[in-house]
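all I have is the shape, not the residue letters:
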Ligand SMILES: Nc1ncnc2c1ncn2[C@@H]1O[C@H](COP(=O)(O)OP(=O)(O)OP(=O)(O)O)[C@@H](O)[C@H]1O
Ligand SMILES: Nc1ncnc2c1ncn2[C@@H]1O[C@H](COP(=O)(O)OP(=O)(O)OP(=O)(O)O)[C@@H](O)[C@H]1O
Ligand SMILES: [Mg+2]
Ligand SMILES: [Mg+2]
């Protein structure tokens, strides 16, 4: 390992705090890094999946950083900054770039926080439009659903409130039925939950549940209900039933960051919130399945809402995380 | 003639008993090599790190030993429980619960300093002991199956501890799901910096002697083994049935709590959500591999930690992911407890 | 459907894989082997059956391949446990570990995807006797409108009852667990019955796993999510008797269905609600043992 | 006479203990003969027979059946060759009925598929009747007494049409009546062409039933003799070199103020059944006497044992040890907590812990002596065990797992253990089950010594010879009740034959007054 590095060679550690497969933010981070490195001879990427046990992340990251092989560590997750800070104390030369997290003032670290409140807000708005509509599977109840794998601060403080706030912009009587699966893979339980929620009057779901989301897709196709999806284009998971897909431009962000890193233009110590306006979250309007699964009036109304949100004519306060 | 015709020579016996172990390692190696060539683009690197990884740096080496510590302690408790016929499979919950109790107590007792830590461990051991003891009481009172009650209680407790960690006792200063850190005075000191190996190792080694003495050098241990071998006989011999249905459960629960609290005090310094996931089962596996013999628990736990850290090294320094390590671990597991293989070299000789 | 009906209906859906796996596990349990590996057997079955369904488009063939691969793994557990005299607990844990590793590896090599593999072209599992569900109160949701797997689980349970309690094979199998020397003394081999029991358990677990994945039309890593363990609980709660399994799996099913339902109405932390099935089952098992204890005392 | 089985120069060394249990043993079994296999405890009889039945591998030698070399590596092979064996220790499933146990592996079926409950049961019933056994085909084996289980074990083999039948000490726990029935069965089998090997320690049985007797000693075959040419003394001498007569001091009176154990009108009522398991049993055991209890299996001795062991709660009555109440209504007796010396009839599962070493078994009921508050007196345990091993002539090492001992030697360990801890009372159930003649007489001697030193001995035994020669007073059980009582001086006048009617419940002799 001691072989001298060529001067311009550059190595990136992509530290996945979990498992990439099935998680859109992680998958796109890996994809972004790989794509960035693809056509560059001198850039090498090592992807490390640290598994679900958060208690062991720090030790693993320490081992990795200790090799001294990596010019920069790239990761994503709100809890990473504190881990990186501790690891960084032992290795003062190590740089970290973390997305989906917010931490200012440590000059080994650069963070970007996606505005998940905002994404949830417009997905919630769309859900509100659907539940109040007279679409085929929409009922007269003003009830929207949210199925999550687990509760965590970002979910509780940004995503859920955003989703409900968005829906209530359509009709302030809308209620949210929120349920938890308990893990990231029990698709059958997700399906049972969705089924129970549909029986309870829910006609549109948001779901953040990793692989278990499959269960929700299956149930909505069977029992008739709709889904809006965060972060990723999932129209084809249940065509006609997935009526909206948000986007999180993790890949784009990662590639931009990496090129900043290579160019040496990263402003370490800084933290940025990136949202609709900056173009790092958005919505998959262009998919034909989107067009075919929603009636024109809803799409129009939603598009205008998005426009207003983007240009700031709809204001909101970002809750504390 | 009806007499012993050959004396047993301990050295030859030991050499012969190695044969099986070598065979097991060999088969696992074949599996490792096979899967490495299938899964890895740098199989030579993968294999190298799988075997040598834990010894390449003090950091990795220390962490490997440190990983063995809770396995030894938990494994000792389970050895005692299983040896007496108490099938406690609720270790996951008992360990996790114990760790949380220890953390909360030591934080509450911060002004007491070190004494607070000792009290906290004691309280944790009592709590998890009682948690496990419930299964023992149910068995004694109504003959309820311990295997199942301990499992169910543990599953429920894990969820409740999760709630406590993420809810009322969550540390608002961190984005990890974790309680507040324990006071620094309560932290155990490191033995082999920069690794996490800490003084809990001493406790583990001491525990081996204590549990060994308890099981093989005391009347309680004698009765306990008697009850485990044949409860009917033990009853006939006047052994106190209630005691040996409840005490081993209590002790194994308490030992799990000790393992959990020491992990917190020595390594994690706060109860982090899911920090213990798998430890309960692994300690159980260690006890089974050691065939419930306290001194064998140490090598079994080290072996376990070695495989685990070898796999981790391969993941860190090569391109494999944890699927490979779970397959290789599975191969080792399949074979490691085989009596036939262990006695391969001791095969009966024809006279 | 009203709440009670939909709870019952959903309980039956939840209990089906548990019942299937537990029925298979009953065979091993009755031969005196604690089959910790059910979880892994289910997982492998779930994977291989949905994948082969995807390639063959033939449900029979898919189930054959699915059950075949689980039975192979079961045969490995059994051979190592029985003939190499390994600890059944550890080989079971090993099987679980192995299944979770190998399914991911294979899925990566076949579909270049370690995560969810979906098979959108797979047909929906047809639902039988749909009209009955709402027509009859209580019994309707209990008996009608489920997929083929549910009826299969009932049929297999009944068949298992016959096999275990009404055939010479069953007598020998149970004798193996009760007192293996009784078989040896008449020139039969207990290991053979234990081996067969493992194969049967592999078969049933695979069917249970297949239900999870085929129903879903996708494979999700770890899709079994601990159901193999619950199946083991069901065996013990069901007192190792076929009817008991039926009741026990329903108890677990209804408590899980209730916990799913309760999430929507009670605003207590989700972890507490997720614990309901375990606590409920625990209470059931304790009550049963109290009942059993008192019954035995009377005699 | 055509030799049907020939075992040539069999050598068996047990692995791990490396003990040569069979040392170049030759054995020939002729067609239609009854061959007795005799030898002291641990001589290697069971081992030799297990080899023939395929339950143990052997290291050297050869087995021929019908003059052809055969390979018997499992009981399945043996069964194919028509060899069946009744094990020394029962191998029955407690949860199954008698019929289910008997037909196991050779069940009658409906359409080759389903187990035919009715047919199996009736076939077994016929078999029971033909052989004059007393068990019920539909009774659960778990509820049977040891003697009844032994019957089932024999039935199991009779049910399989075997050409060669091996019986390993089948008579040890049967009463004379049952033994007579068994012997007539064996003779009729013999006349049907079956060849039989019978292991027994009762020398008169050898003379009574067998054509030839093979004698083993310390793993080797001493020789095989025509029975007509030998007598009990010569067999005994060949087996172990010496025999001892039992000196019995006859009691003339009993000091009736010194009650140690008192069973006061104890009954056990069966759920839903009229006939109680125990029917108003009452007796006192005095110091310095041997109180014998006997009965045909299934008549209440086993129940009495279970009650005294504290396994069965009683429904009426009380049991006292001196003035302490051991048991009262609906309670289990506390004999075990108090630790009264007790030799249980089930030596394998109640009396010992098979996987534990002999030394641990030896101290199991007197643990307190060997464990100070902290620690263990290892040396003392070793010394104590060695001492008892040599005193009771037990063939074993202290560290050997007791399960690897021969049946008789296990029994001796239990006897040694219990006799050594006696204070003022001992309860012995089938104490000499499976002991060879000299060991049995040694034990009898010990029991008499205990009696003479003022200890109360309660002796539950189905061995009438033993009962008659040892008991000072005697109770006979039939259908759960005491049907006859014989006082001091009366027992010695009884013979096996004269006890017969009482045993069968055809005569009753209950003395009024204190007994
Ligand atoms: N599984 C075993 N492992 C080691 N040694 C054994 C084993 N079984 C028997 N032995 C030893 O072999 C010797 C012969 O035992 P065996 O059971 O054949 O005696 P036996 O003649 O049947 O005696 P008994 O009359 O007491 O039944 C004994 O010394 C015994 O300790
Ligand atoms: N738990 C039970 N339930 C029903 N019947 C039983 C039960 N236990 C024993 N019996 C029956 O009660 C009768 C008395 O059995 P017991 O064991 O007392 O016989 P025994 O005289 O001691 O025989 P042995 O002298 O051979 O030991 C037997 O016919 C037996 O089948
Ligand atoms: Mg609506
Ligand atoms: Mg014998």
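Received, thanks. If you're wondering where the values come from, they're calculated on a predicted model, not measured in any experiment. Ligands and ions are numbered 1, 2, ... in the order given.

list the contacts of stretch C:3-14.
By C-beta atoms under 8 Å, 6 or more residues apart in numbering or on different chains, the residues outside stretch C:3-14 that reach it are A:188, A:192, A:195-196, A:199, C:1, C:133-134, C:137-138, C:140-142, C:145-146, C:150, C:250, C:252-254, C:256-258, C:260-261. To be clear about C-beta, it is placed using only N, CA and C from the backbone, and glycine gets the same treatment.

what pLDDT does the model give residue B:87?
Residue B:87 is assigned 94 on the pLDDT scale.

how many other residues sit next to it?
For residue B:87, the neighbour count with other C-beta atoms under 10 Å in any protein chain shown is 21.

and it, what does it touch?
B:81, B:146, B:147, B:150.

let's see if you can find the most crowded of those.
Sorting the contacts of residue B:87 by how many neighbours each has (other C-beta under 10 Å) puts residue B:81 first, at 32 neighbours.

helix or strand for that one, which one?
In this structure, residue B:81 sits in helix B:58-83 according to DSSP states H and E.

thinking again about what came up before, just the buried ones from the contacts of stretch C:3-14?
A:188, A:192, A:195-196, A:199, C:133, C:140-142, C:145-146, C:150, C:250, C:252-254, C:256-258, C:260-261 (16 or more other C-beta atoms under 10 Å in any protein chain shown).

please, where are all the strands along the stretch 51-200 of chain C?
Counting by DSSP state E, counting those that start in this stretch, the stretch 51-200 of chain C has strands at residues C:117-118.

SS state for residue B:51?
helix (DSSP: H, G, I helix; E, B strand; the rest coil).

what separates the residue found closest to it once you drop the neighbours it is linked to in the chain from chain D, distance-wise?
Nearest residue to residue B:51 in three dimensions, chain neighbours excluded: residue B:310, at 6.2 Å (C-beta to C-beta, 6 or more residues apart in numbering or on different chains). Separation of residue B:310 from chain D (C-beta to the nearest C-beta, to the nearest Å): 34 Å.

again, but for residue A:312
Distance, residue A:312 to chain D, by C-beta to the nearest C-beta: 79 Å.

using the three-state scheme, assign that residue.
Note that with three-state DSSP, the state of residue A:312 is coil.

may I have the phi/psi pair for the residue nearest to it when sequence neighbours are not counted?
Spatially, and ignoring its direct neighbours in sequence, residue A:312 is nearest to residue A:277 (7.4 Å; C-beta to C-beta, 6+ apart). Phi and psi for residue A:277, reported as degrees, to the nearest 10, are phi -60, psi -40.

tally of neighbours for residue A:277?
Residue A:277 has 14 nearby residues by other C-beta under 10 Å.

what do you get for residue D:493?
Look at residue D:493: counted by other C-beta under 10 Å, it has 9 neighbours.

what does the stretch 151-300 of chain A put close to chain C?
Listed as neighbours of chain C in the stretch 151-300 of chain A under the rule C-beta under 8 Å from any C-beta of the partner chain: A:151, A:177-180, A:182-183, A:185-189, A:191-193, A:195-197, A:199-200, A:211-215, A:218, A:221-222, A:236-237.

in strands, which of those residues appear?
A:177, A:178, A:179, A:180 (DSSP state E).

sorry, back to before: from the residues of the stretch 151-300 of chain A next to chain C, list the buried ones, please.
Neighbour-count burial (16+ other C-beta under 10 Å) applied to those gives A:151, A:177-180, A:182-183, A:185-189, A:191-193, A:195-197, A:199-200, A:211-215, A:218, A:221-222, A:237.

for whichever residue of the stretch 151-299 of chain C sits closest to chain D, which non-adjacent residue is spatially closest?
As assessed by C-beta to the nearest C-beta, chain D sits closest to residue C:187 within the stretch 151-299 of chain C, at 3.4 Å. Spatial nearest neighbour of residue C:187, chain neighbours left out: residue D:79 (3.4 Å); criterion: C-beta to C-beta, 6+ apart.

what sits against the one you found?
Residues near residue D:79 by C-beta under 8 Å, 6+ apart: C:186, C:187, D:160.

for residue D:131, see how far away the first one is.
Pointing back at residue C:186 there. For residue C:186, the distance to residue D:131 equals 18 Å [C-beta to C-beta, to the nearest Å].

the two: which has the busier surroundings?
More neighbours surround residue C:186 than the other of residue C:186 and residue D:131, with 25 against 18 (other C-beta under 10 Å).
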